[in-house]
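> mind folding the following:
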Amino acid sequence: MTRHRLLFVCLGNICRSPMAEGVFRRLVAERGLSDRFEIDSAGIGDWHVGQAPDNRAQAAAMRRGIDISMQTARQLRAVDFSHFDLILAMDGSNHGDLQQLSPKQLHGKLRHFLDFATQTGTRDVPDPFFGGDEGFDHALDLIEAAAEGLLETLVVEDGVAAKPGAQRSSL
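Alright, predicted model coming up:
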């Protein structure tokens, strides 16, 4: 059985990456595939280490039935580059930072998260931190699309279908 280890990364790990972690966790649970994934999130910087996700991120996620309140922000660690199979950047700046921080031989693990949602027409999940509530909803729309595309890609690569009786996501 293939077990995928995924790390979602944004700048501070209190908005986009915890929302992506929560969305992807729910998606794999609904498909009966949780045992095939290790899912985590981290931030490039250390500004919010130990904090819960931004209240607006929590509220936006909760409106979609996703509870991210128990997550705790952490900073990206050097060991993450060897431990995780895919490290998914929320935007081009995060991706560039990841390339600078990671060993060159591991650059193949680094991806733009929205590369799995080509229909969105963008590669960046905008950082909603300095905006209003609508920015969090927009970020979640993009995250949900990318999560669906990522899971579909990994399931097709594995040749694995959802377990019988598992619900399909309505994302």
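
> and for whatever helix or strand residue 42 lives in, what are the contacting residues?
Taking DSSP states H and E as the definition, one finds residue 42 inside strand 37-43. Strand 37-43 has contacts (CB atoms under 8 Å, 6 or more residues apart in numbering) with 3-14, 17-18, 20-21, 24-25, 28, 49, 71, 73-77, 80, 84. (C-beta placed from N, C-alpha, C; glycine too.)

> just the buried residues out of these, in ChimeraX syntax.
Here is the ChimeraX command that selects only those of the contacts of strand 37-43 that count as buried (16 or more other CB atoms under 10 Å):
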select :4,6,7,8,9,10,11,12,13,14,17,18,20,21,24,25,28,71,73,74,75,76,80,84
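
> mind listing which of the contacts of strand 37-43 are in helices?
17-18, 20-21, 24-25, 28, 80 (DSSP state H).

> now the residues you listed as TSV including pLDDT?
What follows is those, written out as TSV (pLDDT from 0 to 100):
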residue	pLDDT
17	98
18	98
20	98
21	98
24	98
25	98
28	97
80	98
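
> contacting residues around residue 48?
The contact partners of residue 48, by CB under 8 Å, 6+ apart, come to 12-14, 73.

> center of the protein - which residue?
Of all residues in the chain, the one closest to the mean position by CA atoms, centre = their mean is residue 20, 3.3 Å from it.

> for residue 137, which non-adjacent residue is spatially closest?
Distance criterion CB to CB, 6 or more residues apart in numbering; nearest residue to residue 137, sequence neighbours excluded, is residue 60 at 5.5 Å.

> follow-up on the earlier one: give me the buried positions along the helix or strand just after the strand holding residue 42.
Reading on from strand 37-43 to the C-terminus, the next helix or strand found by DSSP H and E is helix 55-63. Applying a neighbour-count criterion of 16+ other CB under 10 Å, the buried positions in helix 55-63 are 56-58, 60-61.

> many thanks, I have nothing further to ask.
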